[in-house]
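*Asks:* I would like the atomic coordinates for the input below:
(one chain, ligands or ions: 1)
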Amino acid sequence: MVNFTTAQPYLHRAYGSLSSGAVISLPTHHGMGLSVFDACVILGLVAAILFGIRRSKQTRVVVPPGPKGLPLLGNVLDLPTSEPYLAALKWAKQYGDITYLHVCGLSVLFLNSSEVAMDLLDKRGSIYSDRPPLVMATDLCGYEVSPFQRYGDAHRRQRRLMQRALGAPCIRTYQPLLEVETRALLHRLVTSPEEYDRHILRYAGALTLLVVYGHKVTSNDDGFLTLGNYCMDLLANDISPAPPKGVWAVDIFPSLKNLPDWVPFTSFKRKAATWGAKLSTFCDAPYAEVKEKMKEGTALPSFCSTLLEEERGCLTAEKEYDIKWAANSMFAASMDTVGTAMRHLILLMILFPDKFAKAREELDRVVQGRMPTFADRPFLPYVECILSEVLRWSCPVPLNLPHRLMEDDHYRGYFIPKGSFVVANIMAMTRDERLFPDPEAFIPERYDASVDEATRKARDPRQWIFGFGRRRCPGLHLVESSLWLSLVSILGNLEATKATDAHGNIIEPEVKFENMIFRMPSKFECNFKPRSEDHASLILKAFVETSPADR
Ligand code: HEM
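*Replies:* Reported below is the predicted structural model:
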């Protein structure tokens, strides 16, 4: 295996992402058969040439500040191999609103403040909305999911569909579905608390399958859920492995994709064909099920069925392509993100029981002897503060997904070259000490009525954690509602506590963050039980009423 460091894009799970600080390895099993030495020499030469050309063009321009790199290779050695957002946070403190790195001739820009991110990614969205090219995943495996898509017509069309289906006004439509899945989650947490992690994963996948395809998951072995998890792992570990695991040579030298199959060392093309077939089933199969059920008249209302109904009798190939990929984009993009946010929610519940007890008192005053519903939301202001602080503290995608600049640009007197990878440093925004004193502390009161309206607005983490501009997460309203309902349903009915050992000693949760893209807590020990016998009966009753087929 060859190790070298670069800022080539890599992907993790459903997302394209920039190596915002990562060692990328070139696994020899990819079939390019390069030795460590060969690869280093080739890369060194290419980097030197690219960087030399770029440098000579840029000698008279001022780029934003950043860590001083090596000649030719740039900031290769500054790129961290774990928790990249911590390095980015340190740079933000050191260099201010923008940090500039160059890696083998590629410019990487970290936008460290909300203002700068809005100025560039939002206001100048027409040139800051591209994604880095991902040749192995998109060109060779044919996986054209929206988070990987280059900026263009197909992306714009599919986003319009997603926004129509998931925009704020439509969310009410999904509320009954959210209630079904949340009640099933409660039931599973009570029945097998030790498997809470699996229940969260199932919840994350099942929720989107229901909303997007009208597909009801009724067992842990559900075919689409299993296929979804399989494909997510394939994307993360094989097709677009996150550093330090590796990156495909063809992602660095795209023209390799044109080599004929008989050329030695092109086994990557055969692998792409096999994986592409799996990914295409991942995209096609749930969609085909919707169409089949619509024919039979048994389809549940969903994103796909609603759009297909509108197109009945006049469905064009382009429209079909858009509906199918938009649906798969939502399914794929929701699994890890929702899972990450839910793990944080539970972690914070057991780490800060006092804050959650205060929210529970408020909840108990409003909701008695029944399950909470969305109609209760306006009467629970402290729960809102908790949710905002959970979203800020957890910061599920701390370095956003990389955008790519499509034209040379100038900003605050700096030159930003075309092709730069532009990383919104969401972690730095949620840890900005000017807005959030003692930023690592969990303080829901930051958003309560004692704070003036303007500050409360400025502190709302929703303006950052879902990304920016024309790439901003289209699932944000759905996920916000689902997290609120999960929070009040768990809080109102369950005791979530730290686990204890055989002697009754408390086990402090040991949390690691090992994922390079998502700030996903590793699995930690914890316990769930109903708050009382009455709550246990209520959970069972609600579950039986909403999921009769799932017992
Ligand atoms: C806590 C949960 C979630 C978080 C924190 C989150 C966050 C994000 C972020 C940061 C991006 C990148 C935005 C950018 O590049 O500027 C993104 C993109 C995306 N998200 Fe989410 N997301 C979540 C859940 C969901 C859900 C539930 C769905 C769908 C139902 C979804 C669908 C998407 C899609 C399709 C994209 C790609 C947008 C594009 O490239 O144009 N996300 N999300």
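
*Asks:* gap between the residue nearest to Thr266 when sequence neighbours are not counted and Trp393?
*Replies:* Nearest residue to Thr266, sequence neighbours excluded (C-beta to C-beta, 6 or more residues apart in numbering): Leu259, at 5.2 Å. Every residue, glycine included, has its C-beta placed from N, CA and C. Separation of Leu259 from Trp393 (C-beta to C-beta, to the nearest Å): 48 Å.

*Asks:* neighbour-wise, which of those two wins?
*Replies:* Trp393 (23 against 14; other C-beta atoms under 10 Å).

*Asks:* read off the pLDDT value for the more buried one.
*Replies:* pLDDT for Trp393: 98.

*Asks:* got it, and Leu73?
*Replies:* pLDDT, Leu73: 88.

*Asks:* quick check: it touching Cys104?
*Replies:* Yes - at 6.0 Å, Leu73 and Cys104 qualify as touching, with contact defined as C-beta atoms under 8 Å.

*Asks:* and the two? which has more neighbours close in?
*Replies:* Cys104 (23 against 20).

*Asks:* quick one, phi/psi of that one?
*Replies:* phi 50, psi 40 (degrees, to the nearest 10).

*Asks:* check Val180 too.
*Replies:* Residue torsions, per degrees, to the nearest 10, at Val180 are phi -60, psi -50.

*Asks:* who touches it in this structure?
*Replies:* Leu210, Thr546, Ser547 (C-beta atoms under 8 Å, 6 or more residues apart in numbering).

*Asks:* which parts of the stretch 451-551 of the chain sit against the ligand?
*Replies:* Proximity of the stretch 451-551 of the chain to the ligand, by C-beta under 6 Å from any ligand atom, involves residues Ile465, Phe466, Gly467, Phe468, Arg471, Arg472, Cys473, Pro474, Gly475, Leu478, Val479.

*Asks:* which two in those are spaced the farthest apart?
*Replies:* Within these, Phe468 and Leu478 form the most distant pair, 18.6 Å apart (C-beta to C-beta).

*Asks:* quick one, strands of the stretch 401-550 of the chain?
*Replies:* Secondary structure of the stretch 401-550 of the chain (DSSP state E, counting those that start in this stretch): strands at 403-404, 409-411, 414-416, 421-424, 494-498, 526-530.

*Asks:* before we move on, what about the stretch 1-150 of the chain?
*Replies:* Under the criterion DSSP E, counting those that start in this stretch, strands of the stretch 1-150 of the chain are mapped to 2-5, 9-12, 15-18, 23-26, 98-103, 106-111.

*Asks:* what helices or strands is whatever helix or strand Glu309 lives in leaning on?
*Replies:* In this structure, Glu309 sits in helix 303-310 according to DSSP states H and E. Where contact means 3 or more C-beta pairs under 8 Å, 6 or more residues apart in numbering; DSSP states H and E, helix 303-310 is packed against helix 153-166, helix 267-296, helix 317-351.

*Asks:* of these, which is nearest the ligand?
*Replies:* helix 317-351 (3.3 Å; C-beta to the nearest ligand atom).

*Asks:* that closest one near the ligand at all?
*Replies:* Yes - judged by C-beta under 6 Å from any ligand atom, helix 317-351 comes into contact with the ligand at Ser329, Met330, Ala333, Ser334, Thr337, Val338, Ala341.

*Asks:* what parts of the protein come near the ligand?
*Replies:* Residues of the chain lying near the ligand by C-beta under 6 Å from any ligand atom: 146-147, 159, 208, 329-330, 333-334, 337-338, 341, 396-397, 400-401, 465-468, 471-475, 478-479.

*Asks:* re the thing from before, got CSV for the helices and strands packed on helix 303-310, with mean pLDDT and mean neighbour count too?
*Replies:* Below are the helices and strands packed on helix 303-310 laid out as CSV (pLDDT from 0 to 100; neighbours: other C-beta atoms under 10 Å):
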stretch, mean pLDDT, mean neighbour count
helix 153-166, 94, 18
helix 267-296, 96, 16
helix 317-351, 96, 22
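
*Asks:* can you lay out those as a markdown table showing distance to Val180?
*Replies:* Output for the helices and strands packed on helix 303-310, formatted as a markdown table (distance: least, C-beta to C-beta, whole Å):
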| stretch | distance to Val180 |
| --- | --- |
| helix 153-166 | 18 |
| helix 267-296 | 18 |
| helix 317-351 | 16 |
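
*Asks:* how near is the residue nearest the centre of the chain to Glu525?
*Replies:* Central residue of the chain (C-alpha atoms, centre = their mean): Thr337, 4.2 Å from the mean position. Distance, Thr337 to Glu525, using C-beta to C-beta: 24 Å.

*Asks:* swap in Lys123?
*Replies:* Going from Lys123 to Glu525 by C-beta to C-beta gives 46 Å.

*Asks:* these two: which has the busier surroundings?
*Replies:* Neighbours per residue, other C-beta under 10 Å: of Lys123 and Glu525, the larger number sits with Glu525, 16 against 10.

*Asks:* I'd assumed Thr497 was in contact with that one.
*Replies:* No - using C-beta under 8 Å, Glu525 and Thr497 do not qualify as a contacting pair, with a distance of 10.3 Å.

*Asks:* among the contacts of Val180, which one sits closest to the ligand?
*Replies:* Leu210 (10.9 Å).

*Asks:* just the pLDDT for the closest one.
*Replies:* As predicted, Leu210 sits at a pLDDT of 92.

*Asks:* near it, how many other residues are there?
*Replies:* The number of residues packed around Leu210, counting by other C-beta under 10 Å, is 19.

*Asks:* could we number from 50 for the rest of this?
*Replies:* Okay, using 50 as the starting number, the last item reads as Leu259.

*Asks:* contacts only, for it.
*Replies:* Applying C-beta under 8 Å, 6+ apart, one finds that Leu259 lies in contact with Leu226, Val229, Glu230, Lys265, Val266, Leu349, Ser351.

*Asks:* and the gap between it and Tyr431?
*Replies:* 30 Å.

*Asks:* the closest residue to Lys561 other than its chain neighbours - how many residues pack around it?
*Replies:* Using C-beta to C-beta, 6+ apart and skipping the chain neighbours, the partner closest in space to Lys561 is Ser571 (4.3 Å). As a burial measure, Ser571 scores 13 neighbours (other C-beta under 10 Å).

*Asks:* what's the distance between Ser571 and Arg221?
*Replies:* Counting by C-beta to C-beta - Ser571 and Arg221 are separated by 36 Å.

*Asks:* wait, isn't the residue nearest to Lys561 in contact with Glu563?
*Replies:* Yes - here Ser571 reaches Glu563: they are 6.0 Å apart, a contact under C-beta under 8 Å.

*Asks:* do a quick rundown of the helices in the stretch 500-600 of the chain.
*Replies:* Counting by DSSP state H, counting those that start in this stretch, the stretch 500-600 of the chain has these helices, from start to end: 502-508, 511-514, 525-542, 582-595.

*Asks:* helices and strands of the protein: which one bottoms out on pLDDT?
*Replies:* strand 51-54 (a mean of 28; mean pLDDT, DSSP states H and E).

*Asks:* distance check, the residue nearest to Thr315 against the ligand.
*Replies:* From Leu308 across to the ligand, the span is 30 Å (C-beta to the nearest ligand atom, to the nearest Å).

*Asks:* next: Glu489.
*Replies:* Here the distance between Glu489 and the ligand works out to 19 Å (C-beta to the nearest ligand atom).

*Asks:* could you check how far the residue nearest to that residue when sequence neighbours are not counted is from the ligand?
*Replies:* Leaving aside its sequence neighbours, Glu489 sits nearest to Arg480 (C-beta to C-beta, 6+ apart; 7.4 Å). For Arg480, the distance to the ligand (C-beta to the nearest ligand atom) stands at 16 Å.

*Asks:* and if you look at Asn286?
*Replies:* Taking C-beta to the nearest ligand atom, one finds Asn286 at 21 Å from the ligand.

*Asks:* tell me if that residue really is in a strand.
*Replies:* No - under DSSP: H, G, I helix; E, B strand; the rest coil, Asn286 falls outside any strand and is assigned helix.

*Asks:* burial measure for it, as a count.
*Replies:* Neighbours of Asn286 (other C-beta under 10 Å): 14.

*Asks:* check Leu284 too.
*Replies:* For Leu284, the neighbour count with other C-beta under 10 Å is 27.
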